[in-house]
Structure formats: structure tokens, C-alpha cells
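S.K.: next comes the sequence, and after it the predicted model I'd like to discuss.
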Amino acid sequence: MTEEKHGDWFSSIDTDNDGTITRNELRDYLAIIHYVHHHNHDRTIEHIWAEYDLDKNGIINLAESKSFYASLSAHR
């Protein structure tokens, strides 16, 4: 994973460009890439949040997203 690719990926999810990913932004992204079926979104989002929102503040920042990006890249 290059920093540039990770940054581009993060920016594609962070649609309001505030430097964080919200649950809604992630839900929209997962729907676009067909990562999960619609009825599984909430469960998937909560699983991702439990694993990657390390400081438990309700958002995923750029640093926290690195391991999530790596796990998605491994499954492609």
C-alpha cells in the first residue's frame, strides 16, 4: 500500500472532506463497491467500527483507516 493510494481511497470515502469517515460515508462507499448486500450494511458497519475506530470517538480518521484499507486491499 502506498501512502498516495491510501490517501486517494480515504478521500473517495470522506465525501464532505472533513478528514474523517462517518458511518454514513462508509455505508455509501460499501454500497458503491458492492462490498455487502443492503440488508447486511448495519451489521458490517458496526463490525468495522468496533475494529477500526480505535479511540472509540465515532469516526474513523486517516491513521485509523490504514489497517482497514489494508484489509480491503487484501480481499480484492
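M.R.: Great, that's in hand. Numbering: from 1, shown residues only.
S.K.: OK, contacts around the residue positioned nearest the centre of the chain?
M.R.: Computing the C-alpha centroid of the chain and ranking residues by C-alpha atoms, centre = their mean puts residue 26 first, at 5.1 Å. Residues touching residue 26, when contacts are defined by C-beta atoms under 8 Å, 6 or more residues apart in numbering, comprise 13, 45, 48, 60. Glycine gets a C-beta too; all of them are placed from N, C-alpha and C.
S.K.: what's the local residue count around the third one?
M.R.: Residue 48 sits with 19 neighbouring residues when counted by other C-beta atoms under 10 Å.
S.K.: sec struct for it, please.
M.R.: Per DSSP: H, G, I helix; E, B strand; the rest coil, the local secondary structure of residue 48 is helix.
S.K.: show me what contacts it?
M.R.: Applying C-beta under 8 Å, 6+ apart, we find residue 48 in contact with 26, 60, 68.
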